[in-house]
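Asks: Here is a sequence with its predicted model. Questions after.
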Amino acid sequence: MIRLLKSREALLVAVIIALTALIASRFPAFIAPANLVNVFTDTSPLIILAIGQAIVILTRCIDLSVASNLALTGMVCAMVNVAYPDLPIPVIIGMALMLGAALGAINGILVWKLTIPPIVVTLGTLTIYRGIIFVISDGAWVNAHEMSASFTGFPRAEILGLPVLAWLAILTAATFFVVIARTPLGRSFYAVGGNPNASVYAGINVGRTQFWAFVLSGMLAGLTGYLWVARYSVAYVDIAKGFELEVVAACVIGGIAIAGGAGTVMGAILGAIFLGIIKNALPVVGISPFWQLAISGAAIVIAVAFNARAGRAKGRIILKKAEAQAQGATAS
Amino acid sequence: MTDITARQIPDRLQSPVLKAFKSWETLLLAVAIAIFITNSFLSPYFLNAWNLSDATFNFTEKAMIAFAMALLIVAGEIDLSVASIIALASTAMGWALQFDVGVVPLVLIGLGTGLVCGAFNGFLVTGLGLPSIVVTIGTMSLFRGISYIILGDQGFRGYPSEFSYFGQGYVWWVISFEFVLFAVLALLYYMLLHRTNFGRAVYAIGNNPTGALFSGIRVARVKFILFLLTGLMAGVAAICLTARLGSTRPTIALGWELEIVTMVVLGGVNILGGSGTIPGVVIAAFVMGLVTFGLGLLNVPGIVMSIFIGCLLIGVIALPRLWSMWRA
């Protein structure tokens, strides 16, 4: 019980409640149920992506290509919809998941089979995927009037007062709670990140586990790609540019250790909600949206510093530091 | 990355001539010459002294940062915030314009901002012991974010005309000031990495930080100095770029960190640290400059070039590994 109260998740919940209360004390309209639903729906893409990123970071990797993957998959979905307006939505979603997973698998293969550092691989694919959007679309936009009504309507349709987009975020979270906590693959994500050498002796294929982490992250990015394009009813080269930084920020704030092996899906979700509330509160409080980039940057730096402190206070293995220094190259 | 690989110990040493012939730098030089020849056949405008001089602007500013980044990567760290430091340094200089300062204070402000940003990164990494990759991803949004806060959707312009010399001036005939600065810095960094104790310490740290520490090297201090140098070089690049463009926008040098890291890796620096040379980075700068200039002459859009650079970054690391896997 005390451990639960002292956990990062409890701390984040307290901070989120305090922050919301602070905003509500000046602007009561902010906590109207309708507005809270809006805030949550607005944060849903970030939540979905943060879950995927959390898994990748757990295995000591990082996926900087998620935003480009999202934009590319979104553009392909939009173009397919324009070419075949009668294609049912489940087919589109299936396609988005597959394409996203394939793009993630490319990252995964390069990390697994060629042992190229993940940061280099995903910095490369970040530009490559973004460039491919330009090549397939010729730099043109796909606009709302070109998309079919069911294509753009799906994420906005309401079930029990919540839009489908928000339900999908909840569904993703529920699925990954189970995957992480109850499947061998989910446990091996922790093992690989916690101690790669030991997991080899435990019979876990480190590279393959990292590969699956990238596939899952890519798959969720693909799903978000369709939802994003449908929700905003527009697809162009630059959508979600730089969003990968916000996703990493959500994970780091949520207490996912960048050295791998520590953190929870719940933490990543709370980190995303924290950023989502700040993002939505800025215009309410009357601060220019230009502040947002600096705020998420500062949040990353503070959270990383805080994570390191928290890790040290627990006295998590004295050797960890020497080991991390010796293997520091692995993380970078 | 998780395999424990034993070091290969050869039965006898290779002859120095053969070693030089088989080195990465020689291969890269051959590639550079091949690109040069291909370009001159593909476009009639390529072989023109002024055009070639213009082409150097494609890489001089990036290469200045790449030298310092090479040392940082050899030491096992990385700085992804360099492009944002350029934006912040350029914004600081533009902000100072309203006080009607002269050229010298402008330059000092640019360099100072770079140093402060580098010191901030260095403090977070060495002082608090945080991983450089995440810290600099954070400061990457922080520094550019401050630029956005100051500028919003506006821009600064109206730099003094003498200031533009740093970006547009020519020392002699087609030899630009930037190119001379690039050459001088290349020489300085060559001396620093290959001819001083400091340079040896950088290699030692990259190969085995714990071993280096026990050998009496002040690991944290060396790393801090490297972050300072990288920040300073970003300041220098900010001065040249701002002078060349004559204006500051918050999107200045967006995405440069990728090209700079690509340049360093293409130059044969091991991304995991411990090896790499400055001559390699210099040749890599020429390769990238010639390629982007050649593609530009063929009217290839910038974003398509970025696909090429992304493939280059992955390919340069992947190909040697594929080659050794194929031979095994």
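Replies: In hand now; what should we look at?

Asks: what about the stretch 1-150 of chain A, any weak spots by pLDDT?
Replies: Applying pLDDT under 70 to the stretch 1-150 of chain A flags the ranges A:1-6.

Asks: which residue packs closest to residue A:61, ignoring adjacent ones?
Replies: Nearest residue to residue A:61, sequence neighbours excluded (Cβ to Cβ, 6 or more residues apart in numbering or on different chains): residue A:118, at 3.8 Å. Just so you know, the C-beta spots here come from the backbone N, C-alpha and C atoms, and that holds for glycine as well.

Asks: and the helix or strand residue B:306 falls within with chain A, contact?
Replies: Element membership for residue B:306 (DSSP states H and E) is helix B:302-327. Yes - contact between helix B:302-327 and chain A, assessed by Cβ under 8 Å from any Cβ of the partner chain, occurs at B:303-304, B:306-307, B:309-311, B:313-314, B:317-318, B:321-322.

Asks: could those go into a markdown table alongside neighbour count and pLDDT?
Replies: Compiled in a markdown table, the residues of helix B:302-327 next to chain A are given as follows (neighbours: other Cβ atoms under 10 Å in any protein chain shown; pLDDT from 0 to 100):
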| residue | neighbour count | pLDDT |
| --- | --- | --- |
| B:303 | 17 | 86 |
| B:304 | 13 | 88 |
| B:306 | 20 | 86 |
| B:307 | 19 | 90 |
| B:309 | 21 | 84 |
| B:310 | 25 | 88 |
| B:311 | 17 | 90 |
| B:313 | 27 | 84 |
| B:314 | 23 | 89 |
| B:317 | 22 | 82 |
| B:318 | 19 | 87 |
| B:321 | 14 | 84 |
| B:322 | 13 | 87 |
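
Asks: that older thread, what residues does the residue nearest to residue A:61 make contact with?
Replies: Counting by Cβ atoms under 8 Å, 6 or more residues apart in numbering or on different chains, residue A:118 makes contact with A:56, A:61-63, A:107, A:111, A:210.

Asks: part of a helix, is residue B:238?
Replies: Yes - assessed with DSSP: H, G, I helix; E, B strand; the rest coil, residue B:238 lies in a helix.

Asks: Out of the residues of helix B:302-327 next to chain A, the closest to residue B:80 would be?
Replies: residue B:313 (13.4 Å; Cβ to Cβ).

Asks: That closest one: what's it in contact with?
Replies: Shown in contact with residue B:313 (Cβ under 8 Å, 6+ apart): A:120, A:123-124, B:258, B:261-262, B:265-266.

Asks: repeat that for 7 Å
Replies: Applying Cβ atoms under 7 Å, 6 or more residues apart in numbering or on different chains to residue B:313 gives the contacts A:120, A:123-124, B:262, B:265.

Asks: Would you state the strands of the chain in chain order?
Replies: Using chain A here. Per DSSP state E, chain A carries strands over the ranges A:158-159, A:162-163.

Asks: wait, I meant chain B there
Replies: With DSSP E as the criterion, chain B has strands spanning B:156-157, B:170-172, B:175-176, B:247-248.

Asks: List the strands paired with the third one, with their directions.
Replies: It refers to strand B:175-176. Here strand B:175-176 is paired, per DSSP bridges, with strand B:170-172 (antiparallel).

Asks: which residues of the stretch 51-200 of chain A fall in helices?
Replies: With helices called from DSSP state H, counting those that start in this stretch, the stretch 51-200 of chain A shows them at A:66-83, A:89-112, A:118-137, A:149-153, A:164-182, A:184-194, A:196-201.
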